[in-house]
Structures are given as C-alpha cells and as structure tokens.
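Visitor: after the sequence you'll find the predicted model.
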Amino acid sequence: MNRLTPERFVEWAQNEIAVVPDFHKRILFSDEAHFWLNGYVNKQNCRIWSEANPQVYVETPLHPEKLTVWCALWAGGIIGPYFFKNDEGHNELWFQKDGATCHTARDTIDLFKDTFGDRLITRFGPVNWTPRSCDLTPLDYFLWGHVKSLVYADKPQTLDHLEDNIRRVIADMQPQMLEKVIENWTSRLDYIRASRCSHMPEIIFKM
C-alpha cells in the first residue's frame, strides 16, 4: 500500500477479512490519551462530529495536572494501562500505530518490525495507516470516551486517585464488550466504503 487514503486501507482490510474471516480480531489497536485532573477534555483524543457547532465550552487549565495513558485494545482484551509520568515463536497479531512523528521515527519502526515483521499497520510501515482515522480506531471511537465518562464520577483530587480510577475502569471491562467493539470495526469499514469516506454519524457504536 503506497498511498495514505482511507479508501485503499478499507479495501485492503476487507480483502484480508475475505481471506481470513477473523482477521479483525487479530489487530492490536493502540493509542495514548491525556487525562486531566480537573476533567479538561483534550480534543485530540475526544472528537465531536456534528453538522452544527456543538457550542462546547472548554476551560483550559492554567497549571494543568494530567496523566498520559497508553493502551492497546484487541478482541482478546486490553494491554495496559501504562502511565507516562514527568520470547520466541511466531507472532500472529497485527500491530497498529497512528502516524505521530514519535511513532514513525526510523528507530521506532525498526523496533516494531523486529517484533511484528510485516504485520505492522502504521505510517511508513508495511501497511499504511491513514491520517485522521479516528472513525477506525477503537480507542478513539470507544475506549477513551468510555473511560473518561466514568473516572471523574467521584471527582478525584489527586493524580494517584485518578490513576486508580483509570486502572479500575479498564480492569472492569468485560470481554463481551470488547468483542462488540471489534465487531463494530467491520461495520465501520462497510459504512466508510459506502459513504466514500465521509465522517460517521455521532452514534454508530451500540452496546
């Protein structure tokens, strides 16, 4: 795959599923998100699709305290969360990373290739990941929004409290939920192909 277009990626993914029906269950999607102690929403990770201006008011913290969290999600579960603060054998999983510069540096790509070989989905990788593809990233269209909707319920006052909440919410997620999230991914491929890559309606994923 030489061009970073959603059409080409969707075509490639659907061809893989036609050959290996559970192909979508073998993709390890990954991403990181910021969790602000005061509940500030980072639009990079939480996107709002609307035909009209949603009139969202966002207060920017003067001295922000936040946690940066990395997770990977696949049909078999969630790897993480891993928090960032100031073997032998054949691997059958595919690994997806977005196109952030730190993810696509030569040394980083070489490290991923050593682990996953050609089963790497990322910018400049064996299979290109298209930019601005939050509609196809389960962490963007499901995980981060789900976690953020729960972790602030008891109004955490410290980063340790917030971290504990994030760990608990992710640990409590049931396997059946993740199965539905990944199955939803194949429906999204169909929708994107039929709509010629227009953005999806706000509510596509249903539990």
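Guide: Yep, that arrived.
Visitor: hey, let's count contacts and neighbours off CA atoms from now on
Guide: OK.
Visitor: thought Val151 was touching His161?
Guide: No: Val151 is beyond contact range of His161, at 9.5 Å (criterion: Cα atoms under 8 Å).
Visitor: more crowded one of the two?
Guide: Val151 (22 against 15; other Cα atoms under 10 Å).
Visitor: kindly format the C-alpha coordinates of stretch 144-159 as CSV.
Guide: The C-alpha trace of stretch 144-159 is given here as CSV (Å, rounded to 0.1, in the frame of the first residue of the first chain):
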residue,chain,number,x,y,z
TRP,A,144,-11.2,6.8,25.8
GLY,A,145,-14.7,8.2,25.8
HIS,A,146,-16.0,5.3,27.8
VAL,A,147,-13.2,5.6,30.4
LYS,A,148,-13.5,9.3,30.7
SER,A,149,-17.2,9.1,31.2
LEU,A,150,-16.6,7.0,34.4
VAL,A,151,-13.3,8.0,36.0
TYR,A,152,-14.4,11.5,37.1
ALA,A,153,-17.6,10.4,38.8
ASP,A,154,-16.1,10.6,42.3
LYS,A,155,-14.2,13.8,41.5
PRO,A,156,-10.6,12.7,42.0
GLN,A,157,-8.5,15.3,43.7
THR,A,158,-5.0,13.7,43.1
LEU,A,159,-3.3,12.1,40.2
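Visitor: buried ones in it?
Guide: Neighbour counts over stretch 144-159 (16 or more other Cα atoms under 10 Å) mark Trp144, Val147, Lys148, Val151, Tyr152, Pro156, Leu159 as buried.
Visitor: so who does the second one touch?
Guide: Same thing as Val147. Ile166, Val169, Ile170 (Cα atoms under 8 Å, 6 or more residues apart in numbering).
Visitor: among the buried residues of stretch 144-159, which ones are in helices?
Guide: Among the buried residues of stretch 144-159, DSSP state H puts Trp144, Val147, Lys148, Val151, Leu159 in helices.
Visitor: and which of those is nearest Arg188?
Guide: Arg188 lies nearest to Trp144 out of those, by Cα to Cα, at 17.9 Å.
Visitor: can you show me the strands along the chain?
Guide: Under the criterion DSSP state E, the chain carries strands at the ranges 27-36, 66-74, 77-84, 94-96, 120-121.
Visitor: Met177 is nearest to which of those strands?
Guide: Per Cα to Cα, nearest to Met177 of the strands of the chain: strand 77-84, 9.6 Å.
Visitor: lowest average confidence, helix or strand, in the protein?
Guide: strand 94-96 (a mean of 51; mean pLDDT, DSSP states H and E).
Visitor: buried stuff in the lengthiest helix in the chain?
Guide: Determined from DSSP H, the single longest helix within the chain is helix 175-194. By 16+ other Cα under 10 Å, the buried positions in helix 175-194 come out as Leu178, Val181, Ile182, Glu183, Asn184, Trp185, Thr186, Arg188, Leu189, Tyr191, Ile192, Arg193.
Visitor: I figured the first one was touching Phe29, is that so?
Guide: Pointing back at Leu178 there. No: between Leu178 and Phe29 there is no contact under Cα under 8 Å: 11.9 Å.
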